[in-house]
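Asker: Provided below are the primary sequence and the corresponding predicted coordinates.
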Amino acid sequence: MERCGEGARAGVRASLSFGILAGAALLGGCANTLTAKVTSFHTWDAGGSRLPLNYVFFRSPSQDNNLEFQTYENIVADGLFRRGFTQTAEDKANYRVNFGYSLSEKVVRVMEPVFYGPPYAGPYWGPVYYGRHPYPRPFYVPPPYPAGYVERGYPVANYSFSLDIQDIKSGKRVYQVTVEGRDQSPTPSLPNVMQALVEAALNDFPGVSGQSRTIRITLPNTR
């Protein structure tokens, strides 16, 4: 037969364990995925495409000698290649591709419950049994015990990626897309999420113009 005090103590342990596991699941789940809002506009289906799909990248003078930009450029080039585009020389290109990116960090504060034990902490919680009759210990308060709340801060990284494709002959922009992503990670990093941002931007290319959609992308386990 289980004593009343042991049952109460087990209940508190279970509540604490549940809170710890729930917090771990929240952080663990968010750390491996990126939630992104993708919005695109284009004239691709209205005669905006010109064959062959040859292109060059636009580079500012500072980007032309920037190793980080060149690394991301290779990721974008790979994504475009899988959509039928070919990078070529300036005099053979029909399109000019331009892209940009940014990362901002902030701390989101939330109130979380904290479970407390009973106010009396004897050898065990609950009444003392003598024969069949319980004699309660002094100051014993039966469960459930009220929860308190504490404020906790969680780091959140906001990523932004934009890409546009310009028809060189007409000078008109024929495709543009923006990706706004959020990731809960203690160590936010653009290099670790750039592949995911590019895939989100080119997902279902060219897609439906003038619509936004939210997608979740699995991130590599490198953080």
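Answerer: Sure thing, it's come through. Everything quoted here is computed from the prediction, not taken from an experiment. Residues are numbered from 1 along each chain as shown.

Asker: Would you confirm that residue 169 contacts residue 94?
Answerer: Yes. If you go by Cβ atoms under 8 Å, residue 169 and residue 94 touch, sitting 7.0 Å apart. In short, each C-beta sits where N, CA and C put it, glycine included.

Asker: who has more neighbours, these two?
Answerer: residue 94 (19 against 9; other Cβ atoms under 10 Å).

Asker: Test my guess that that one contacts residue 85.
Answerer: No. Using Cβ under 8 Å, residue 94 is not in contact with residue 85; the gap is 9.9 Å.

Asker: any shared contact partners between these two?
Answerer: With contacts defined as Cβ atoms under 8 Å, 6 or more residues apart in numbering, the residues shared by residue 94 and residue 85 are 53, 54, 55.

Asker: Of these, which is the most crowded?
Answerer: residue 55 (21 neighbours).

Asker: Leaving out chain neighbours, which residue sits closest to that one?
Answerer: Closest residue to residue 55 in three dimensions, ignoring its sequence neighbours and counting by Cβ to Cβ, 6 or more residues apart in numbering: residue 95, at 3.9 Å.

Asker: next one: residue 77
Answerer: residue 87 (5.5 Å).

Asker: Which is the succeeding secondary structure element to the one helix or strand residue 79 maps to?
Answerer: Counting by DSSP states H and E, the element that carries residue 79 is helix 67-81. Downstream of helix 67-81, the next assigned helix or strand under DSSP H and E is strand 86-87.

Asker: For the next helix or strand after that following strand, name the packing helices and strands.
Answerer: Counting by DSSP H and E, the element after strand 86-87 in chain order, helix or strand, is strand 95-115. With contacts taken as 3 or more Cβ pairs under 8 Å, 6 or more residues apart in numbering; DSSP states H and E, strand 95-115 sits against helix 4-31, strand 54-57, helix 67-81, strand 147-167, helix 190-202.

Asker: tell me which residues in the third one are buried?
Answerer: So the one you mean is helix 67-81. 69, 72, 73, 75, 76, 77, 79, 80 (16 or more other Cβ atoms under 10 Å).

Asker: what angle separates it from strand 147-167?
Answerer: 70 degrees (axes from the mean of the first three to the mean of the last three Cα atoms, to 10 degrees).

Asker: just use 52 as the starting number from now, easier for me
Answerer: Got it, first residue is 52 now, which makes that one helix 118-132.

Asker: rewinding a little: adding pLDDT and distance to residue 213 as columns, could you present the buried residues of helix 118-132 in JSON lines?
Answerer: Below are the buried residues of helix 118-132 laid out as JSON lines (pLDDT from 0 to 100; distance: Cβ to Cβ, whole Å):
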{"residue": "120", "pLDDT": "94", "distance to residue 213": "14"}
{"residue": "123", "pLDDT": "96", "distance to residue 213": "12"}
{"residue": "124", "pLDDT": "96", "distance to residue 213": "14"}
{"residue": "126", "pLDDT": "97", "distance to residue 213": "14"}
{"residue": "127", "pLDDT": "97", "distance to residue 213": "11"}
{"residue": "128", "pLDDT": "97", "distance to residue 213": "16"}
{"residue": "130", "pLDDT": "96", "distance to residue 213": "14"}
{"residue": "131", "pLDDT": "96", "distance to residue 213": "15"}
